[in-house]
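> Quick one, fold the following:
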Amino acid sequence: MADELFRALADPTRRTILDELTEKSGQTLFEICSRLSVKHHVGISRQAVSQHLALLEAAGLVETRREGRCKFHDLNTAPLRRIAERWLVPDAAEPEESAP
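Predicted coordinates for the structure are as follows:
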């Protein structure tokens, strides 16, 4: 799972999509494409954005839900928390400073 997560985060377009979902969760593909085009001047096709979203969903960073004919995309930060917790050490003691 960590490999998929890091692969998903490696691409700047996917990070921009995550930024947009952070700002406004529950967007449709059309909304995401519009925001990428207008706000970020990213000129890619709907199919390319859909492929980016599929990779983000496979990594667990995006969850989808359907309402009628619309598919909404929501940010899921749980995988990021699991990665951060994997390497974080509890603050048991302050790190010692070595004297010169």
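> all contacts plus neighbour counts: C-alpha atoms, from now on.
Noted.
> what's the closest residue to residue 46 other than its chain neighbours in contact with, if anything?
The shortest distance from residue 46 to any non-neighbouring residue, by C-alpha to C-alpha, 6 or more residues apart in numbering, is to residue 33 (6.5 Å). Counting by C-alpha atoms under 8 Å, 6 or more residues apart in numbering, residue 33 touches 45, 46, 49.
> Of those, which is the nearest to residue 3?
Nearest to residue 3 out of the contacts of residue 33 is residue 49 (C-alpha to C-alpha; 20.7 Å).
> Please report the number of neighbouring residues for that closest one.
Neighbourhood size, residue 49 [other C-alpha atoms under 10 Å]: 19.
> just checking, what packs against whichever strand or helix holds it?
Assigned by DSSP states H and E, residue 49 falls within helix 46-58. If you count contacts as 3 or more C-alpha pairs under 8 Å, 6 or more residues apart in numbering; DSSP states H and E, helix 46-58 packs onto helix 2-10, helix 12-23, helix 29-40, strand 62-67.
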